[in-house]
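Asks: let me see the structure of the following:
(2 chains)
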Amino acid sequence: MQDTHFWNPFLETLPRDDLANIEIKKFQMVMAIAMENSPLYQEKFKAAGVNPEDINDLSDLSKLPLTEKDQLRQAQEDQIPYLYGKTLATDATELSTLHQTSGTTGRPVYVPDTYKSWQWRIEPWTSMLYMMGFRETDRVFIPFGYNVYVAFWSGHYAAEKLGCEVVPGGALDTESRIQKIREVHATALLNTPTYGLHMAEVAKEMGINPATDLTVRKMVCAGEPLPEPTRKKLEDLWNADVYNHIGGAETCGWAGMCTEKKDLHILEPYFLVEILDKETLSQPVDPGEIGVAVITPLFFRAFPLIRFNTKDLMVLAKGTCPCGRTSLRIQRIIGRIDDLRKIRGVLFSPQSVEEVINEKFPEIAEYEIVVTRPSTMDEVTLRLEADPTIGKERFDQLEKSLQQNLKAKTNLRFELEWVKPGELPRYTLKAERFKDLRS
Amino acid sequence: MKNESYSVKEMNKSLKRLETESHKLKKLARGIPAVEKNINPIIAFIDILNFHLIDIRS
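Replies: Residues are numbered from 1 along each chain as shown, chains lettered A, B, ... in the order given. Model (predicted):
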């Protein structure tokens, strides 16, 4: 087969105006389906007094209300049919798969799929893996405990559809997974960033250097934020191209890096993505400005999702990508609005600490941020595990330099607390390195 | 696209035929689960193919 670097050469190189026209047509279609079949959206659209024919261009989208995660929870809780309630837009006998959100911010949202809608969820992931250079020659190992969370299921089936050979690495401990990666000569991995770092650490303890002793040359990270310094650290540790992706259980994977590894291409026209001002959530922001991502998957039928507020802060990229794709791109992911905290009057994002550590302090193996208020003032403690092989002199330097860099990045002063190697928890999904213990 | 070796028109025609035939087979197969159930994945993938080909050009 002739290799092209486009999954669909028509779609991926369409002029922006043509893409926008397709997205509006598909938006009208998904809105009409939701209006006919989804009790949740029947109520929402009726309350807003809006019909599909009122949406004729992108500027009309603001006529429609956003969908909040809490609304999905309320529409499902104690409603009929059991689990899905008013969010279900198909006959329950058509359903073939159930997944759910992780529930880290409250009651989980249950996400139903029919056979057809499940294939649709896999399709954008397939186009994304193709964009990242996955091909029939890849043997893809997935070191993840597959379960009711959607993470990596779509990646598994997408890789399979591409013709890659997929090796499920579910119920194994980390050492066994590393041995399996070596045994089968895996060429690619799908994992969380935290677990990618942890596997490299464990491999080192086993006397295996992932960069030279293993054959992994591609890695896709999902499930957690991947700041650029962490991505580069993973590339160095594994001697692999490491790709970031954005997605969620409700929306599916909706953006990913191409082989330029710079920005993340929005997977248009599978998704209509708006980046809105964070104060009013009513106006699109310009490329280069921080906004909140609002997503409409344009192919959802069983579980329509219209203008879903992800609460993720992002920046759209300016200009074009040398790869030739015309889709909009995410230049930077700032973090979740929910994760932003005011500490001593300063707005703080836990991701900024990860950026400092992984960019400049490779000697730090793991960390945890703890915020307390023992009396009237907030205190921030950074609990740290250092590489046990570093000497006393370097250790003193490290403390001073870390304090300076953290202060410069966050405008906060951190108490440093060193703990024994292995004392801090390791995570496979949704690392919880930030603990706010203020009452 | 430069150097394209495919015909969009022919692909769309072929896909339309496939769509018509698969729906026809599903109707004809009522009462034979082995046929009814196995045609569903084909119909699901035809929907995706429509998105990639016909929807884009119409």
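Asks: ok, for the closest residue to chain A within chain B, nearest residue in space, not its chain neighbours?
Replies: The minimum distance from chain B to chain A, using CB to the nearest CB, falls at B:Ala44 (3.9 Å). To be clear about C-beta, it is placed using only N, CA and C from the backbone, and glycine gets the same treatment. By the measure of CB to CB, 6 or more residues apart in numbering or on different chains, the closest residue to B:Ala44 outside its immediate chain neighbours is A:Lys116, 3.9 Å from it.
Asks: next one: A:His99
Replies: A:Val150 (4.0 Å).
Asks: same check, this time on A:Asn239
Replies: In space, A:Asn239 is closest to A:Ala211, 3.7 Å off (CB to CB, 6+ apart).
Asks: go on, A:Tyr110?
Replies: A:Leu83 (4.6 Å).
Asks: so the one you found, which state does it fall into?
Replies: coil (DSSP: H, G, I helix; E, B strand; the rest coil).
Asks: just to revisit the earlier point, which residues touch the residue nearest to A:Asn239?
Replies: A:Asp236, A:Leu237, A:Trp238, A:Asn239 (CB atoms under 8 Å, 6 or more residues apart in numbering or on different chains).
Asks: I'd assumed it was in a strand, is it?
Replies: No: using three-state DSSP, the secondary structure at A:Ala211 is helix, not a strand.
Asks: measure it to A:Gln28 for me?
Replies: 50 Å (CB to CB, to the nearest Å).
Asks: repeat that for A:Asn191.
Replies: Taking CB to CB, one finds A:Asn191 at 38 Å from A:Gln28.
Asks: can you name the next helix or strand after the host helix or strand of A:Ile275?
Replies: Using DSSP states H and E, A:Ile275 sits within strand A:271-276. With elements assigned by DSSP H and E, the helix or strand that comes after strand A:271-276 is strand A:290-297.
Asks: quick one: that next one to strand A:271-276, angle?
Replies: 160 degrees (axes from the mean of the first three to the mean of the last three CA atoms, to 10 degrees).
Asks: partner strands of strand A:290-297, with direction?
Replies: strand A:271-276 (antiparallel), strand A:308-316 (antiparallel) (DSSP bridges).
Asks: go through those and pick out the most buried.
Replies: strand A:271-276 (a mean of 22; mean count of other CB atoms under 10 Å in any protein chain shown).
Asks: quick check: mean pLDDT across that one?
Replies: Computed over strand A:271-276, the mean pLDDT rounds to 98.
Asks: show me how far it is from its chain's centre.
Replies: The chain centroid and the centroid of strand A:271-276 are separated by 15 Å, computed with CA atoms, centre = their mean, to the nearest Å.
Asks: which bits of the stretch 1-150 of chain A sit near chain B?
Replies: Those residues of the stretch 1-150 of chain A that sit near chain B, judged by CB under 8 Å from any CB of the partner chain, are A:2, A:8-11, A:13-14, A:22, A:26, A:115-116, A:119-120, A:123.
Asks: please indicate which of these are buried?
Replies: A:Leu11, A:Thr13, A:Leu14, A:Ile22, A:Lys26, A:Tyr115, A:Lys116, A:Gln119, A:Trp120, A:Glu123 (16 or more other CB atoms under 10 Å in any protein chain shown).
Asks: let's have those in CSV, adding secondary structure and pLDDT.
Replies: Shown next, in CSV, are those (DSSP: H, G, I helix; E, B strand; the rest coil; pLDDT from 0 to 100):
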residue, secondary structure, pLDDT
A:Leu11, helix, 91
A:Thr13, coil, 93
A:Leu14, coil, 93
A:Ile22, helix, 93
A:Lys26, helix, 93
A:Tyr115, helix, 95
A:Lys116, helix, 95
A:Gln119, helix, 96
A:Trp120, helix, 95
A:Glu123, helix, 97
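Asks: now the helices for the stretch 1-150 of chain A?
Replies: Here the stretch 1-150 of chain A has its helices, by DSSP state H, counting those that start in this stretch, at A:9-12, A:16-37, A:39-48, A:69-76, A:115-131.
Asks: please name the nearest non-neighbouring residue to residue 22.
Replies: No chain was given, so I picked chain A. Closest to A:Ile22 by CB to CB, 6+ apart is A:Pro269, at 4.6 Å.
Asks: chain B is the one I meant
Replies: B:Ile42 (5.1 Å).
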